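Below is the sequence, then the predicted model.
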Amino acid sequence: MPRLLGELYQATSRNSDDGPSERDDGQPYECPHPKIPLTQIIVDQACDMLLIVGEQRCIESCSMTKSGYIKPQGICFHVNSYMLGGASPAFGLTLQSPTAVNKDDASRVKWKVKMPSDDPEAMRIIVNILYDQYTVPPLSEPMELGLLYQLTALAQKYDLVHLFRPWSAQWVRDMERYWVDVTFKGQSAKNLESLLWVYWILGHAPLYSYMVLQIAFHSQIDVLGKLTDLAGQLCFTSEQDTIHVPPLAKDEIRKTRVKVLEEIRTAIIDAIEGHFLGSENTIPCMRIDNEDDLGWRKAVRASCLKLLEAENLWPVPVAYEMTPSPRSISHIFRANPNIPNFAHVFNNGTNVSCEAIGPFWDRVEAIMYNYDFVLPKATQILLNKHAVNSGLAGYHGVRDTPLKFDKAVWNVKDVLAFLIDIAEYPDAAFNGGTTTASSRSAHRSISGASSTSTTCTSLSDPFM
């Protein structure tokens, strides 16, 4: 059971139809406007229960939040309590708990259960699945992220993830359009946070790890020390609903961000206090032709220091005090491609030369691209459990890919390689044993033809 009994009771309201609502800011009030009638859906002619999901909207703007989001209109499902109650112990307890309204009239309907905080459209899918009436939309109408987010929230709340087994792999593929070839520069990370939750509930360890990495790469610190996205919005906050967060995700993101910034910080200091000093470096940085280019290196060093000072990054703060996101630092250097990245070349332990091998932003990108995110043991155990429940464990278990679905360490390079292997694997999609054209196209877009990074020649991170 995913929650304590008390939480389950509180999650469902079984009062009369009349009663106070609650404003978006939490202040109670009595809405004076007429209500739009609930949408009535007769699922079962032998119904003995009215399942009212969501709330009635009023004819005015009372159902609208400050951000302009309009809460969905409630739906009244006419269902049989035994059909729904057998879906899971948690769901059955919610529907048939002693606090449900037992109607003492002569009608066939004996129970009325209200779930005002649940999403009616997501519940519609669950009800249709339970009645074997859910039809998979055509490939031209893939699952929407917002709906899948609400669907997985309900599945976690009522322990219903096992219902998704026939569709979970297809839904994972449907989500590609929300992150493949999408640039998040200066934008809200809400989609990344929603995807993180979806992949957590479905138990997709590679893409869960990928979203932890990408949120860490795109997160910055505001003046109050809070984690925000590149649009300045606090991470995992929303005006329209409560953001669901995997139990250890915030800690994983914070730690990953700091560790990546520590590597970037080391690279910057290594360049300024090492390579840029040329022949004056402790290990002399000389070209392979033994030409002393000290003057040029010092000019590059001065240009780099000026750039860092303008961004309040010199002296370079310790990693946990750095306010920009790792991705922002990459963009700072991208805007100044004249600042090179150097590397020593050794032969049998002897320093042979020190050469510029590309722009410095390339090194910053390589740090993010190759950073190994290690799933905490507790997270890994729960992801594996969720994968079994959702059917993804079985789906990927029969596919002999070089990178295993349940491994504990992932970086951007490995995740993209894994997705390409899955896309090319026979019977990788639900279309009679072949990979769909749209799927092949999506995966070609992350398959490496367009990478500008000298260290990422076989794959291209779509976020870069």
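In hand now; what should we look at? These numbers were taken from a predicted model, which means no experiment stands behind them. Residues are numbered from 1 along each chain as shown.

Can you list the buried residues in stretch 110-128?
Residues of stretch 110-128 classed as buried by neighbour count (16 or more other CB atoms under 10 Å): 110-116, 118-127. C-beta: built from backbone N, CA, C; applies to glycine.

May I have the distance across that stretch, first residue to last?
End-to-end distance of stretch 110-128 (CA to CA, to the nearest Å): 21 Å.

try stretch 311-319
First-to-last distance for stretch 311-319 - CA to CA - comes to 15 Å.

Residues in contact with that stretch: which ones?
Residues from elsewhere that reach stretch 311-319 (CB atoms under 8 Å, 6 or more residues apart in numbering): 258-259, 261-262, 265, 268-269, 305, 308, 322-324, 329, 332.

Mind checking the pLDDT average for that stretch?
The pLDDT scores in stretch 311-319 average 94.

any idea how far that stretch is from the chain center?
29 Å (CA atoms, centre = their mean, to the nearest Å).

Could you list the buried residues of that stretch?
Under the neighbour-count criterion of 16+ other CB under 10 Å, stretch 311-319 has 313, 316, 319 buried.

if I've got this straight, the second one is in a helix?
If I follow you right, that is Val316. No. Secondary structure of Val316 (DSSP: H, G, I helix; E, B strand; the rest coil): coil, not part of a helix.

how near is it to Ala343?
To Ala343, Val316 is 20 Å away according to CB to CB, to the nearest Å.

Also the last one?
Between Ala319 and Ala343 the distance, using CB to CB, works out to 22 Å.

Just checking: what are the partner strands of the longest strand along the chain?
Of all the elements of type strand in the chain, the one with the most residues (DSSP state E) is strand 350-359. Note on strand 350-359: by DSSP bridges, its sheet partners are strand 340-347 (antiparallel).

shaky segments in the stretch 351-464 of the chain?
351, 426-464 (pLDDT under 70).

Could you pull out the helices in it for me?
All helices of the stretch 351-464 of the chain, identified by DSSP state H, counting those that start in this stretch, fall at 360-370, 377-390, 392-397, 412-424, 437-444.

Keeping just the C-alphas, turn the longest one into PDB.
The C-alpha atoms that make up helix 377-390 are tabulated as PDB, following Å, rounded to 0.1, in the frame of the first residue of the first chain:
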ATOM      1  CA  LYS A 377      21.000   1.800  -3.700                       C
ATOM      2  CA  ALA A 378      17.500   2.700  -2.400                       C
ATOM      3  CA  THR A 379      16.600   4.400  -5.600                       C
ATOM      4  CA  GLN A 380      17.900   1.500  -7.700                       C
ATOM      5  CA  ILE A 381      15.800  -1.000  -5.700                       C
ATOM      6  CA  LEU A 382      12.600   1.000  -6.100                       C
ATOM      7  CA  LEU A 383      13.200   1.700  -9.800                       C
ATOM      8  CA  ASN A 384      13.700  -2.100 -10.300                       C
ATOM      9  CA  LYS A 385      10.400  -2.700  -8.400                       C
ATOM     10  CA  HIS A 386       8.500  -0.100 -10.400                       C
ATOM     11  CA  ALA A 387       9.900  -1.600 -13.700                       C
ATOM     12  CA  VAL A 388       8.500  -5.000 -12.700                       C
ATOM     13  CA  ASN A 389       5.100  -3.500 -11.900                       C
ATOM     14  CA  SER A 390       5.000  -1.400 -15.100                       C
END
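
Could you list the buried residues of that helix?
Those would be 379-380, 382-384, 386-390, for helix 377-390 by 16+ other CB under 10 Å.

Show me where the chain has its strands.
Using DSSP E, strands in the chain cover 21-22, 28-29, 39-42, 49-53, 75-79, 101-102, 111-115, 220-221, 227-228, 340-347, 350-359, 373-374, 409-410.

I'd like to know which of these lies nearest to Gln214.
Counting by CB to CB, Gln214 lies closest to strand 373-374 out of the strands of the chain; the figure is 10.5 Å.

Pull the residues that contact that closest one.
Against strand 373-374 from outside (CB under 8 Å, 6+ apart): 209, 212-213, 252, 256, 408-411.

Sort out which of the residues you listed are buried, if you could.
209, 212-213, 252, 256, 408, 410-411.

export those residues to TSV and tack on distance to Leu84?
TSV is the format used below for those (distance: CB to CB, whole Å):
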residue	distance to Leu84
Ser209	35
Val212	35
Leu213	39
Glu252	35
Thr256	40
Ala408	37
Trp410	38
Asn411	43
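
ok, now which ones touch Ile269?
Contact analysis of Ile269 by CB under 8 Å, 6+ apart lists Val316.

Please report the distance of it from Tyr369.
Taking CB to CB, one finds Ile269 at 21 Å from Tyr369.

so where's the stretch 101-250 of the chain shaky on pLDDT?
The model of the stretch 101-250 of the chain has pLDDT under 70 over residues 101-107, 137-140, 186, 239-242.

Would you map the helices across it?
120-130, 145-158, 168-174, 190-202, 205-218, 249-272.

what packs against the fifth one?
Contacts of helix 205-218 with other secondary structure elements, assessed using 3 or more CB pairs under 8 Å, 6 or more residues apart in numbering; DSSP states H and E, are made with helix 190-202, helix 249-272, helix 326-334, strand 373-374, helix 377-390, strand 409-410, helix 412-424.

would CSV of the helices of the stretch 101-250 of the chain with distance to Ala231 be doable?
Shown next, in CSV, are these (distance: least, CB to CB, whole Å):
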stretch, distance to Ala231
helix 120-130, 26
helix 145-158, 17
helix 168-174, 25
helix 190-202, 9
helix 205-218, 10
helix 249-272, 16
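
most packed of those helices?
helix 205-218 (a mean of 27; mean count of other CB atoms under 10 Å).

got the angle for that helix vs helix 412-424?
Helix 205-218 runs at 140 degrees relative to helix 412-424, counting by axes from the mean of the first three to the mean of the last three CA atoms, to 10 degrees.

Helix 205-218 vs helix 360-370, what angle?
Using the same axes, to 10 degrees: helix 205-218 against helix 360-370 is 150 degrees.

Give me the angle between helix 205-218 and helix 326-334.
If you take the same axes, to 10 degrees, helix 205-218 sits at 60 degrees to helix 326-334.

and helix 205-218, how far from the chain's centre?
Worked out by CA atoms, centre = their mean, helix 205-218 lies 7 Å from the chain centre.

same thing with stretch 261-279?
33 Å.

Please work out the average pLDDT along it.
On average, the pLDDT along stretch 261-279 is 95.

Dump the C-alpha coordinates for it into CSV.
Listed in CSV are the C-alpha atoms of stretch 261-279, where the atom choice follows Å, rounded to 0.1, in the frame of the first residue of the first chain:
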residue,chain,number,x,y,z
LEU,A,261,30.5,22.2,-11.0
GLU,A,262,33.5,20.9,-9.0
GLU,A,263,34.8,19.2,-12.2
ILE,A,264,34.2,22.4,-14.2
ARG,A,265,35.9,24.5,-11.6
THR,A,266,38.9,22.2,-11.6
ALA,A,267,39.1,22.5,-15.4
ILE,A,268,39.0,26.3,-15.3
ILE,A,269,41.7,26.5,-12.6
ASP,A,270,43.8,23.9,-14.5
ALA,A,271,43.7,26.1,-17.6
ILE,A,272,44.3,29.5,-15.9
GLU,A,273,47.0,28.4,-13.5
GLY,A,274,48.5,25.8,-15.8
HIS,A,275,48.1,25.6,-19.5
PHE,A,276,47.7,29.4,-20.0
LEU,A,277,51.1,30.0,-18.3
GLY,A,278,52.8,28.2,-21.2
SER,A,279,56.5,27.7,-20.7
